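**Student:** the sequence isn't on hand, but the structure is:
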Ligand SMILES: NC(=O)c1ccc[n+]([C@@H]2O[C@H](COP(=O)([O-])OP(=O)(O)OC[C@H]3O[C@@H](n4cnc5c(N)ncnc54)[C@H](OP(=O)(O)O)[C@@H]3O)[C@@H](O)[C@H]2O)c1
């Protein structure tokens with residue numbers, strides 16, 4: 001497909017710190033950008049510039065949004081585990097023949113302690129491995145994953161989530177509402193005071209929520225990490241904002 005030489009008008013799928021950082025840079029450069037948020041969080045951190053909120057209504061809805069608003073580029077900067085949105089982005093961009101790219105923060109696989117963690121492919125496996133490693137878990141894999149751990153109604157469980165839970169959890173669980181960034185000192189104190197003996201997380205990556213990993217390492221607490229899902233085929237993945245800017249400047253001729 002020939003490069004699109006119209007002034008860029010970017011639809012930025014967000015809900016992450018990286019997306020907010022990219023929106024700020026684009027606004028600063030006077031690049032036309034609309035950030036899109038899913039609308040799951042009651043008081044989301046607002047990106048700079050124009051914002052739209054709520055699902056598109058599947059691939060068909062996203063296709064209409066892209067067409068009706070004459071977007072020239074689609075940037076998927078959603079969370080590494082937001083796999084449905086990512087798949088829809090690829091399919092819709094393909095249908096509209098629009099350049100699409102993914103901005104993804106680096107994962108935690110390359111951190112020095114990563115080799116010592118127990119890496120798993122899903123949340124049921126995370127539960128099984130955590131049962132082997134401890135009896136007082138700290139779950140930080142997200143509110144949508146808690147259903148996988150509900151059989152733990154016989155032990156103290158500490159859960160941290162950003163938004164209040166909609167479903168009940170066992171009486172032995174303590175639910176903490178909080179969102180990053182967190183400091184290593186606070187994470188160490190939290191895990192120590194709660195007597196945590198195994199940490200469960202997913203490979204969200206980045207520095208925003210990584211302090212718990214260092215704190216666990218310092219306390220000798222084993223860590224179970226759910227690995228990232230594979231990226232959709234053919235979706236170019238960039239890891240920093242300068243690369244996205246270069247992609248836009250180059251005319252972004254790549255489609256999914
Ligand atoms: N999954 C996580 O652990 C996590 C952590 C932190 C932040 N987030 C952020 O929270 C949002 C939802 O995450 P998820 O895991 O629930 O996503 P998901 O399962 O991939 O997406 C489910 C549906 O939510 C809507 N959606 C998701 N992201 C959207 C966006 N940026 N703008 C408009 N609609 C969006 C889409 O609805 P339609 O089909 O109706 O278009 C999508 O099909 C994402 O924006 C993500 O960046 C997720």
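**Tutor:** Yep, it's here. Owing to the predicted nature of the structure, the values given are computational and were not obtained by experimental measurement.

**Student:** what pLDDT does the closest residue to the ligand within the stretch 101-250 of the chain get?
**Tutor:** With C-beta to the nearest ligand atom as the measure, residue 142 is the residue of the stretch 101-250 of the chain nearest to the ligand, at 4.3 Å. (Glycine included, C-beta is placed from N, CA and C.) Residue 142 carries a pLDDT value of 96.

**Student:** contacting residues around it?
**Tutor:** Shown in contact with residue 142 (C-beta atoms under 8 Å, 6 or more residues apart in numbering): 81, 161, 202.

**Student:** at 7 Å instead, please
**Tutor:** Residue 142 sits next to residue 202 when contact means C-beta atoms under 7 Å, 6 or more residues apart in numbering.

**Student:** now it: phi and psi?
**Tutor:** Dihedral pair for residue 142: phi 110, psi 150, per degrees, to the nearest 10.

**Student:** same question, residue 192
**Tutor:** With angles defined as degrees, to the nearest 10, residue 192 sits at phi -70, psi -50.

**Student:** got it, and residue 99?
**Tutor:** Residue 99 adopts backbone torsions of phi -60, psi 140, taken as degrees, to the nearest 10.

**Student:** hang on, isn't it packed against residue 73?
**Tutor:** Yes - contact criterion C-beta atoms under 7 Å: residue 99 and residue 73 qualify, at 5.3 Å.

**Student:** near the ligand, which residues of the stretch 1-150 of the chain show up?
**Tutor:** Counting by C-beta under 6 Å from any ligand atom, the stretch 1-150 of the chain comes close to the ligand at 13-16, 36-38, 40, 55-58, 61-62, 78-79, 81-85, 88, 142.

**Student:** cheers, nothing more for now.
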